[in-house]
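Enquirer: build me a model:
(one chain, ligands or ions: 1)
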Amino acid sequence: MSSQFWKPGTEKPRLLEDEEGGVVFFSPSLASSSSGYGHASIEKQRQRLPVYKYRTSILYLVETHATTIIVGETGSGKTTQIPQYLKEAGWADGGRVIACTQPRRLAVQAVASRVAEEMGVKVGEEVGYTIRFEDVTNKVRYLSFEALEFYLIYLCIVIMVDEAHERSISTDILLGLLKKIQRRRPELRLIISSATIEGKSMSAFFQARKSRHQMEGEELPRMEPAILSVEGRGFNVQIHYVEEPVSDYVQAVVSTVMLIHDQEPPGDILVFLTGQDDIDTAVQLLTEEARTNRKNSSGLIILPLYSGLPRAEQELVFSPTPRGKRKVVISTNIAETSLTLEGVVYVVDSGFSKQRFYNPVSDIESLVVAPISKASARQRAGRAGRVRPGKCYRLYTEEYFVNEMSAEGIPEMQRSNLVSCVIQLKALGIDNILGFDWPASPPPEAMIRALEVLYSLGVLDDDAKLTSPTGFQVAEIPLDPMISKMILSSSELGCAEEILTIAAMLSIQSIWVSSRGAQKELDEAKLRFAAAEGDHVTFLNVYKGFLQSGKSSRWCHKNFINYQSMKKVIEIREQLRRIAQRIGIVLKSCESDTQVVRKAVTAGFFANACRLEASSQSGLYKTVRGSQEVYIHPSSVLFRVNPKWVVYHSLVSTDRQYMRNVISIDPSWLLEAAPHFYQQQRLNPIVH
Ligand SMILES: Nc1ncnc2c1ncn2[C@@H]1O[C@H](COP(=O)(O)OP(=O)(O)OP(=O)(O)O)[C@@H](O)[C@H]1O
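Expert: Next comes the predicted model:
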């Protein structure tokens, strides 16, 4: 494996909408610090955690085994304590680093602050963290996979992969990579930790390998993994189920929160919903309810939490709740693991989350609201009972939980489009992707589809290697390769300023406020910005209006635009602009030439082209490649307009497959953009 284009010192942040994680670094200078544990009470708290009893065993196993798998209940202290034990035992001496990876950004920051507090140091001094786009430590670089490789090979002595049960694509890539690296660096210790992981299957994965030939006199750890089960848990969490299934979980969340507020003693409430749309709706309904209804409801502080919120807004959830008030945090599963929100006593679990599903046969990936697994339900409940006993209200029946809920989710790798994953591996110099050792193999059809798309995008060459410069540039942009390709094309087409705005807008789930009860007003507001060409050009109108208003929240409110989303768009756009400059994109504006903007969008998203069925009055489209039936989503400005040819950004599945963020195109652009992908005869019947 080689880092073909990464040089230490070059930042290469990654940015995706879903919460991809980072690493908590314990810097080499830790070794000299022992003054930290000033607070006796914190020290006592640490000793009360179940994992404390296992301190010696953990240190022994890590010393003697290359890989240690640690399974322990949520709240038992794995994340915050194990890296500290290792540091105290001298693993960070001599310039070495102990790293702990988390699947979610929010948890990385929170855990680093907590550990710094426990050690009596500041974040960035001895405990650091690094996530895409952010480097608070000033000592640690942004952590892309390339950077990770650098750290793995040269600096880290122990890597702890936390929450391994989540099986995100990043975790699976990391596990495969670590296994590979360990073969070359057998002194590197791995800790795989999780609340629910099937220890045996993970052990089998790490067991099945050839160990390196041992040099004479060299002391190496045992290669077969050790498994340790940490017994005991944090505080008790009482579980409540509904008696009958609920029909509207947003409404059920609102009633449950109000019930807790009316009847239960003080304590904050953490609610799990699925995404920005239903969270915004719940916030709105609760705010109204609190305003109009209850005697006692003035004390509620209602806070949304999802990845599209600006950082400052996200951090509000960690601020202490004022006396006499009750905080209600309404979150996606971004708060599901590793997070301790100190005031939270009650958890309300809707039982759903938004999940990606990909069908390699139809080549359709959609975000679907789907039931969570038992493992997730336990993690959610575990957010109560961290610092005192708590209660969890599950908005599904006990019978459903016991008999129908799946034990664990399907690894993301097996239900996703693998385009981004393939490019990450290629950028790491892993050429034989089909032979890569995954903890769970992805479907071969999905892999082939991904290679095909990347080839058509001009990112991979005939030998499936990254092309130069396109492939390397696309890999440098931390977004879906289709968006990256759109950005690259905009450079040639002279519309990069516009396309960067569009790319930032597409990174946000929605820039509109939730419509519940005000659909007509929302539609009217949209009409003020609507562009006949489609949603992408409409985004440009909104962005322009927002800038002209002086980035005003009142302007947003008046126009049904989500102010927080717009602030995030500005943040992301700025980050993308820096990257674009670095990789040599010509930052030009096309002013109002929307044709070039549409061409640039097509250059990235040609694979998502659809045509209107000639005979269809009903708005039925078919995807050009797979002939799948799709419709324009009602939230699109092109809903009911139904242009003949469109490309879409994403699909959502409800009763039908709906295209979100749609733009009208000329079919001849498809051939221009991807001659290999679209053969002329496929388009001919409709090209007039
Ligand atoms: N910010 C914090 N404030 C107060 N207590 C905290 C904080 N962070 C952690 N703790 C305490 O430390 C305990 C252990 O947390 P830790 O994250 O290490 O557990 P874990 O076993 O890794 O759980 P999980 O699987 O949920 O990540 C918590 O239950 C809580 O009591």
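
Enquirer: can you pull the phi/psi pair for residue 391?
Expert: Main-chain torsions, residue 391, degrees, to the nearest 10: phi -130, psi 140.

Enquirer: what's the distance between it and residue 641?
Expert: Distance, residue 391 to residue 641, by CB to CB, to the nearest Å: 49 Å. To be clear about C-beta, it is placed using only N, CA and C from the backbone, and glycine gets the same treatment.

Enquirer: these two: which has the busier surroundings?
Expert: A count of neighbours by other CB atoms under 10 Å puts residue 391 above the other of residue 391 and residue 641, at 20 against 15.

Enquirer: nearest residue to that one other than its sequence neighbours?
Expert: Closest residue to residue 391 apart from its sequence neighbours, by CB to CB, 6 or more residues apart in numbering: residue 238 at 4.7 Å.

Enquirer: what about the helix or strand containing that neighbour, average pLDDT?
Expert: According to DSSP states H and E, residue 238 maps onto strand 237-241. Strand 237-241 shows a mean pLDDT of 95.

Enquirer: tell me which strands and helices it is in contact with?
Expert: strand 390-394 (3 or more CB pairs under 8 Å, 6 or more residues apart in numbering; DSSP states H and E).

Enquirer: ok, and does the strand it packs on reach over to the ligand?
Expert: No: shown here: strand 390-394 not in contact with the ligand (CB under 6 Å from any ligand atom), separated by at least 10.6 Å.

Enquirer: and that strand, what does it pack onto?
Expert: When contacts are defined as 3+ CB pairs under 8 Å, 6+ apart, strand 390-394 sits against strand 237-241, strand 344-349, helix 374-381.

Enquirer: sheet-wise, list the partners of it with their directions.
Expert: strand 237-241 (parallel), strand 344-349 (parallel) (DSSP bridges).

Enquirer: quick check: which of those is buried the most?
Expert: Mean neighbour count (mean count of other CB atoms under 10 Å) peaks for strand 344-349 among the strands paired with strand 390-394, with a mean of 26.

Enquirer: pull out the buried positions in the strand or helix carrying residue 670.
Expert: Element membership of residue 670, judged by DSSP H and E, is helix 667-673. Residues of helix 667-673 classed as buried under the neighbour-count rule (16 or more other CB atoms under 10 Å) are 667, 669-671, 673.

Enquirer: can you tell if the strand holding residue 238 touches the ligand?
Expert: No: using CB under 6 Å from any ligand atom, strand 237-241 stays clear of the ligand, with a minimum separation of 11.0 Å.

Enquirer: quick revisit: as a markdown table, the helices and strands packed on strand 390-394 with distance to residue 678 would be great.
Expert: Shown next, in a markdown table, are the helices and strands packed on strand 390-394 (distance: least, CB to CB, whole Å):
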| stretch | distance to residue 678 |
| --- | --- |
| strand 237-241 | 52 |
| strand 344-349 | 45 |
| helix 374-381 | 40 |
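
Enquirer: average model confidence for stretch 481-498?
Expert: Averaged across stretch 481-498, pLDDT comes to 95.

Enquirer: for the stretch 401-550 of the chain, which segments count as helices?
Expert: In the stretch 401-550 of the chain, the helices defined using DSSP state H, counting those that start in this stretch lie at 419-427, 444-456, 470-476, 481-493, 496-506, 519-529, 535-548.

Enquirer: what residues sit buried inside the stretch of helix or strand residue 68 belongs to?
Expert: For residue 68, the enclosing helix or strand under DSSP H and E is strand 67-72. Under the neighbour-count criterion of 16+ other CB under 10 Å, strand 67-72 has 67-72 buried.
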